[in-house]
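**Student:** Please work out how this folds:
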Amino acid sequence: MDELRELVGKLENAFHDRLVSVILYGSAAADGATDYSDLNVLCVLKHVTPREIADGEPVVRWWRGRGHISPLMMSEEEAHNSADSFPVEFTDMQERRKVLYGVDVIADLQVDPKYYRVHLEHELRAKLFRLRQQAAGVLSDDAALLKLCLDSVTTFCFLGRHALAAAHIEVAHERRTVVERLAKVLRADMSPFTTLLDLRERKEPNTPLDPATLFADYLECVRKMVEFVDGLEQKS
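**Tutor:** Coordinates of the predicted model:
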């Protein structure tokens, strides 16, 4: 992809021999990926000091100006020793990544399963609490409430796939496949997720949409995901 090649070139010019690795990870790095809306990039440097942050600022500004998330900047030491602190993120990097420059710093990382489940529950609960907190200020504003749900659904699909993985249930990375499997495993109606994914793809709903009802049902789906992951502790 031309944008990624241009990004790597700009990072090389900014950091020279301080640049260790540039890795694309997440959905855009999957084999056969066609959705490049979320380009998650890990930029590994020998060290990350205010100097590196300053040198990278023009590149980050340019990248964000193209509508992308800022590259995740880590030192080589941090990339090698942060797996226990961010097991969900590093597991995802291990499963789906493409090395765009330099060495593959992710290949030999080890993620401890006990940290994985605990961190996954933390992420789900924190994002559920955040969703409620944000909804409290927009509950009577249909457009804002719907946007809140739309902005969060891909994150909860991501965490839902990891919830299945934590239970040793294999599933493809495609979001709709994850939602279908969650519905069976949780024995829950996950149609709010499907509706939100349809809306993100500009598909019209089959029935009139009430954002408040959709939000309430969506919240219940997320709560059941949290309950499921919490229950894995008793089974382990």
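**Student:** I'd say Val8 and Val99 touch.
**Tutor:** No. Taking Cβ atoms under 8 Å as the definition, Val8 is not a contact partner of Val99, at 10.5 Å. (C-beta placed from N, C-alpha, C; glycine too.)
**Student:** Which neighbours do those two have in common?
**Tutor:** By Cβ atoms under 8 Å, 6 or more residues apart in numbering, Val8 and Val99 have these common neighbours: Val22.
**Student:** Residue ranges in the protein under the pLDDT threshold?
**Tutor:** 31-37, 206, 234-236 (pLDDT under 70).
**Student:** Mind jotting down where the helices sit in it?
**Tutor:** 2-15, 50-65, 76-81, 87-95, 113-135, 142-166, 175-186, 191-200, 211-235 (DSSP state H).
**Student:** quick one, domains of the chain?
**Tutor:** With domains defined by automatic domain parsing, the chain comprises 2-102, 113-235.
**Student:** okay, those in a markdown table with mean neighbour count next?
**Tutor:** Output for the domains of the chain, formatted as a markdown table (neighbours: other Cβ atoms under 10 Å):
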| stretch | mean neighbour count |
| --- | --- |
| domain 2-102 | 16 |
| domain 113-235 | 16 |
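**Student:** Out of the helices of the chain, which is closest to Val105?
**Tutor:** Relative to Val105, the nearest member of the helices of the chain by Cβ to Cβ is helix 76-81, separated by 4.6 Å.
**Student:** helices or strands next to the closest one in the packing?
**Tutor:** Contacts defined by 3 or more Cβ pairs under 8 Å, 6 or more residues apart in numbering; DSSP states H and E place helix 76-81 against strand 19-25, strand 40-45.
**Student:** again, 10 Å this time
**Tutor:** strand 19-25, strand 40-45, strand 72-75 (3 or more Cβ pairs under 10 Å, 6 or more residues apart in numbering; DSSP states H and E).
**Student:** among those, which is nearest Thr195?
**Tutor:** Per Cβ to Cβ, nearest to Thr195 of the helices and strands packed on helix 76-81: strand 40-45, 25.3 Å.
**Student:** Any idea how far that closest one is from the middle of the chain?
**Tutor:** On the basis of Cα atoms, centre = their mean, to the nearest Å, strand 40-45 sits 15 Å off its chain's mean C-alpha point.
**Student:** partners of it in the sheet?
**Tutor:** Within its sheet, strand 40-45 is paired with strand 19-25 (antiparallel), strand 72-75 (parallel), according to DSSP bridges.
**Student:** my read: Leu19 touches Cys43, true?
**Tutor:** Yes. With contact defined as Cβ atoms under 10 Å, Leu19 counts as touching Cys43 (7.5 Å).
**Student:** between those two, what contacts are shared?
**Tutor:** Val8, Leu11, Glu52, Gly56, Tyr101, Gly102 (Cβ atoms under 10 Å, 6 or more residues apart in numbering).
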